[in-house]
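[1] This is a predicted model, with the sequence first.
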Amino acid sequence: METKIVDNFLTPDEIEQIRLYACKNSWEIQLSDYDAHEFLYMGVSDYELINDTIYKRIQGELGVGTELTRVYLNGQHCGREGKLHQDNCDVTALIYISEYNPNWGGFTQIMNSPTDQCIVPPIRGRLLLFDGNLFHKGYSFSYQDCPLRISLAYKINFK
């Protein structure tokens with residue numbers, strides 16, 4: 001699948017609802033692998049806005065039958081980088097929740113090949129769709145006084 005970006009995918013109200021949900025619920029510490037820095041994880045499988053309303057819109061962008069295998073919020077503090085990894089699914093859908101300033105960094109890196117990569121800024125409300133079998137990495141914001149970088153992640157397979 002081709003990498004696809006859809007700006008303003010979420011309404012300001014939806015972004016605010018998800019941001020408040022992330023503030024009111026508990027984050028867990030997770031590792032992307034055993035020697036990577038930790039990041040924050042929050043399961044959201046019980047949240048209807050994310051699992052029904054928004055997921056249906058993602059399905060519309062994909063235009064084919066899909067099956068949601070996993071959905072969660074990622075949180076990254078400054079300096080909490082993971083490693084390049086694969087999600088082992090047909091499609092990864094990321095939606096950026098945090099406010100964004102270009103000075104902060106925080107981009108997502110997708111490796112199409114060893115010499116071809118895609119760098120995507122985490123603009124609030126943006127949907128990023130890409131092949132979940134490609135190596136990729138989410139970078140934290142650059143400075144300690146930046147907000148938590150929050151993204152909503154969907155792991156999707158085609159039916």
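    Thanks, I have it. Numbers count the residues shown, from 1 in each chain.
[2] Only C-alpha atoms from now on, for both contacts and neighbour counts.
    Noted.
[3] As a check, name the ranges of all strands in the protein.
    For the chain, the strands defined by DSSP state E occupy 4-6, 28-31, 38-43, 66-76, 91-96, 108-113, 116-120, 127-131, 135-138, 149-158.
[4] So what are the sheet partners of the shortest one and their directions?
    Each strand paired with strand 4-6, and its direction, by DSSP bridges: strand 127-131 (antiparallel).
[5] ok, and what's touching the partner strand?
    By Cα atoms under 8 Å, 6 or more residues apart in numbering, the residues outside strand 127-131 that reach it are 1-9, 89-96.
[6] Least confident secondary structure element in the protein?
    Within the chain, no helix or strand scores below strand 28-31, which has a mean of 84 by mean pLDDT, DSSP states H and E.
[7] buried sites along that one?
    For strand 28-31, burial by neighbour count (16 or more other Cα atoms under 10 Å) applies to Q30.
[8] Give me the contacts around that strand.
    By Cα under 8 Å, 6+ apart, the list of residues contacting strand 28-31 from outside reads 37-42, 82.
[9] Just the CA coordinates for it, please, in PDB.
    Extracted C-alpha coordinates of strand 28-31, given in PDB (Å, rounded to 0.1, in the frame of the first residue of the first chain):
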ATOM      1  CA  GLU A  28       1.400   1.900  31.300                       C
ATOM      2  CA  ILE A  29       5.100   1.700  30.700                       C
ATOM      3  CA  GLN A  30       5.900  -0.300  27.600                       C
ATOM      4  CA  LEU A  31       9.100  -1.200  25.600                       C
END
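[10] Among the contacts of strand 127-131, name the buried ones.
    5, 9, 89-96.
[11] Would you format those as TSV with distance to E61 included?
    Formatted as TSV, the buried ones among the contacts of strand 127-131 follow (distance: Cα to Cα, whole Å):
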residue	distance to E61
I5	10
F9	10
C89	17
D90	14
V91	12
T92	13
A93	10
L94	13
I95	13
Y96	16
